[in-house]
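Chemist: Provided below for reference: sequence and predicted model.
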Amino acid sequence: MDKAYTEKHQYKPGIILQILTLVTLGLLIIGVITYFSQYRIADADTKEVAEEFASRVADEVKESVQEYPAYPWLLRYWYEHSEDMDIEYDVDYQTGTRTEEKQRLLSSRHPDFQIRYADESDVLALPEEDQKLYAEITYSWLITRVNQIKRSYDISYLYCVLTDDDSGENPYGAQFFLLSAAVPGSVRGREYNEVYTLGTIVDISDNTELQESMRTVARTSQSDNPYNHFEYSGHYADYYKYMDSFDGHVVFIGVSDRISDLLADIYKEALYGTAVAMFYQIILILLIILLLYKYALHPMKTVLKEIREYTETKDSQTVIRNLEETLTNREKYLLSHNEIGQLSDNFVTLTREIDDYIANIEKFTAENERMNTELGLAARLQAAMLPSNFPAFPDHNEFDLFALMDPAREVGGDFYDFFLIDEDHLALVIADVSGKGIPAALFMMACKIILKNTSMMGLSPSEILTRANGAICANNKEDMFITVWIGILEISTGKLTCSNAGHEYPVLKKPGEKYELYKDKHGFVIGAMHGVKFTSYDLQLTPGTKIFVYTDGVPEATDKDNQLFGTDRLLDALNTNPDQNPEETITTVVQAIANFVGDAEQFDDVTMLAFEYKGKA
């Protein structure tokens with residue numbers, strides 16, 4: 001081996017650098033995945049704790065409201081009379097308050113009325129003026145209790161809101177504030193930066209996510225597994241719990257708490273977990289790299305060197321000798337105990353097989369080129385046997401026709417034919433040979449010649465098929481057969497005499513009507529049995545009558561789901577525009593089949609013939 005070759009193909013230690021680069025990238029990816037995994041775990045744990053905390057606060061508010069047996073009446077009254085109520089917010093109800101005076105006044109008027117234990121019937125027994133006193137007293141007491149809960153749990157926002165349900169005028173589109181907790185020094189009002197008073201309305205029609213969540217909370221409130229809305233929104237966690245509903249309205253308890261500190265804890269916990277996981281991963285990967293170099297990369301160096309040698313010289317004998325003789329004892333031992341040794345043995349075998357393969361492929365390529373040339377010639381010969389010049393009979397304006405044959409392979413077994421028997425008789429033929437490829441094409445050519453020669457004798461369609469069957473059966477060693485539909489038209493009268501040897505039903509369209517299957521009487525296929533007799537039938541064509549005949553490749557065209565095109569889809573395609581001329585008709589059917597099958601491979605020839613009788617001008 002010369003110096004230039006050695007320098008060109010010498011082992012380069014860059015593979016270690018490549019591995020380290022890949023490991024570094026892998027560590028970065030793993031680090032990112034680990035961080036987000038740790039973050040999601042911490043976030044889920046924190047979210048669960050925060051949701052439990054918010055639920056506990058909401059339950060305490062709900063219990064505080066429900067301590068008053070008449071709370072359903074109170075909620076309704078507060079909503080309906082919010083503008084008329086004289087409410088005293090955020091005070092210590094010990095002495096010297098208006099609420100205390102109202103309590104004494106109500107007690108003096110109704111000594112037996114117990115404010116904390118009265119139910120709805122007790123309240124309704126009071127005069128309207130005293131009902132208002134009761135509602136104002138309980139509201140002031142309750143708002144003080146809600147304030148205490150807010151301070152006790154150090155909640156940012158705590159409130160009770162009412163909204164229309166789906167039967168209301170504005171379903172979940174606005175929040176009517178019933179209760180809103182405050183801390184000492186807060187300013188009450190209806191502005192955004194104030195603690196809302198009773199009756200404050202906030203439009204949430206643009207917050208579809210919140211609307212849908214409130215709707216779900218209300219809908220599942222009576223189920224075994226009620227839904228409570230909880231989500232992070234910016235630096236706050238929002239929680240909604242169902243409390244009550246009446247007259248097309250739903251009452252919710254809302255809790256909003258600042259979660260900046262919780263988010264910071266999540267971030268720190270995720271970073272710590274990521275750092276610990278990355279440290280152990282780095283130690284493990286370094287150990288793996290060391291073992292990989294010792295037991296894989298270094299022994300592979302020798303094998304790769306010989307592979308490069310073979311790619312340059314294609315000398316299998318030299319490669320085999322080098323692999324067997326130049327390895328050190330340590331390398332031979334290591335190679336015999338891992339996959340690299342198997343690789344070395346396989347490569348030796350492969351070099352020998354490649355030598356044989358190259359010789360065989362050269363022979364096969366020459367043979368394949370010869371076969372392709374012969375197939376191309378056969379396809380051209382077959383196409384030349386089918387009439388393909390349209391209009392086929394420009395001197396005859398009494399009719400129009402068009403035909404098409406699309407083989408599934410280079411050559412096929414379907415064929416069509418049309419020819420004048422004399423100046424007043426036109427033969428129409430369509431046929432389908434059993435089998436595919438070259439055997440079917442050869443059999444098709446023989447059958448086409450026999451049918452045409454027999455037809456030119458002036459026989460009826462049934463006699464043509466009978467004689468053709470006898471001629472084909474006389475020398476049919478491969479037991480092939482053919483289905484045929486043949487029609488002979490008397491051009492001057494429009495009388496069409498037909499016979500069917502096991503072929504598909506023709507499709508007939510009368511003037512002013514749609515295409516329909518004409519279920520004619522089927523005879524047996526041609527070429528399968530001696531002595532078979534066939535029958536003819538007549539169709540009287542009037543100007544505008546159309547006939548469409550085809551092979552089974554049309555209804556049996558298959559899509560990717562193995563669904564068949566079928567005769568129903570064929571009729572739909574034909575009736576898309578039933579007034580089209582024969583060429584346009586076939587184009588429409590071809591397009592319908594193409595749209596149906598898509599990219600699915602087809603295994604049968606597709607052949608069609610469309611005919612229109614126009615009569616004498």
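Modeler: Perfect, I can see it now.
Chemist: Domains in this protein, by residue range?
Modeler: When the chain is parsed into structural domains using automatic domain parsing, the resulting residue ranges are 159-254, 389-613.
Chemist: Out of those domains, indicate the one that is most buried.
Modeler: Highest mean neighbour count among these (mean count of other C-beta atoms under 10 Å): domain 389-613, with a mean of 18. For the C-beta atoms, the positions are set from N, CA and C on the backbone; glycine is no exception.
Chemist: Dump the domains of the chain to CSV, plus mean pLDDT and distance to Gln66.
Modeler: As requested, the domains of the chain are arranged in CSV below (pLDDT from 0 to 100; distance: least, C-beta to C-beta, whole Å):
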stretch, mean pLDDT, distance to Gln66
domain 159-254, 88, 8
domain 389-613, 92, 60
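Chemist: which one of those domains lies closest to Glu128?
Modeler: Between Glu128 and the domains of the chain, the shortest gap by C-beta to C-beta is with domain 159-254, which sits at 18.7 Å.
Chemist: now the domains of the chain as CSV including distance to Leu291?
Modeler: Formatted as CSV, the domains of the chain follow (distance: least, C-beta to C-beta, whole Å):
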stretch, distance to Leu291
domain 159-254, 46
domain 389-613, 49
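Chemist: between those domains, which one is nearest to Thr318?
Modeler: Using C-beta to C-beta as the criterion, the shortest distance between Thr318 and the domains of the chain is 45.2 Å, found for domain 389-613.
Chemist: Please identify the pairing partners of the helix or strand that Asp244 is a member of and their relative orientation?
Modeler: Secondary structure from DSSP states H and E places Asp244 in strand 236-246. Here strand 236-246 is paired, per DSSP bridges, with strand 229-233 (antiparallel), strand 249-258 (antiparallel).
Chemist: need the ones you listed in TSV with distance to Lys616, can you?
Modeler: TSV is the format used below for the strands paired with strand 236-246 (distance: least, C-beta to C-beta, whole Å):
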stretch	distance to Lys616
strand 229-233	83
strand 249-258	83
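Chemist: nearest to Ser388, of the ones you listed?
Modeler: Ser388 sits nearest to strand 229-233 of all these, at 71.7 Å, using C-beta to C-beta.
Chemist: now the strands for the stretch 101-250 of the chain?
Modeler: Per DSSP state E, counting those that start in this stretch, the stretch 101-250 of the chain carries strands over the ranges 157-164, 174-180, 188-189, 195-196, 201-203, 229-233, 236-246, 249-258.
Chemist: Looking at these, which is nearest to Arg308?
Modeler: Shortest separation from Arg308 across those is recorded for strand 229-233, at 59.0 Å, computed as C-beta to C-beta.
Chemist: what helices or strands is the helix or strand harbouring Leu28 leaning on?
Modeler: For Leu28, the element it lies in under DSSP H and E is helix 14-66. Under the contact criterion of 3 or more C-beta pairs under 8 Å, 6 or more residues apart in numbering; DSSP states H and E, helix 14-66 touches helix 71-80, helix 128-153, strand 157-164, strand 229-233, strand 236-246, strand 249-258, helix 260-292.
Chemist: again, only this time at 6 Å
Modeler: On a contact count with 3 or more C-beta pairs under 6 Å, 6 or more residues apart in numbering; DSSP states H and E, helix 14-66 meets helix 128-153, strand 236-246, strand 249-258, helix 260-292.
Chemist: Nearest residue to Asp86 in space, ignoring adjacent ones along the chain?
Modeler: The spatially closest residue to Asp86, leaving aside those adjacent along the chain, is Glu136, at 5.7 Å (C-beta to C-beta, 6 or more residues apart in numbering).
Chemist: for Gly31, that is, sorry about that
Modeler: In this structure, Gly31 finds its nearest non-sequential neighbour in Met278, 5.3 Å apart by C-beta to C-beta, 6+ apart.
Chemist: Quick one: neighbours of the one you found, just the number.
Modeler: Per other C-beta atoms under 10 Å, the neighbour tally for Met278 reads 16.
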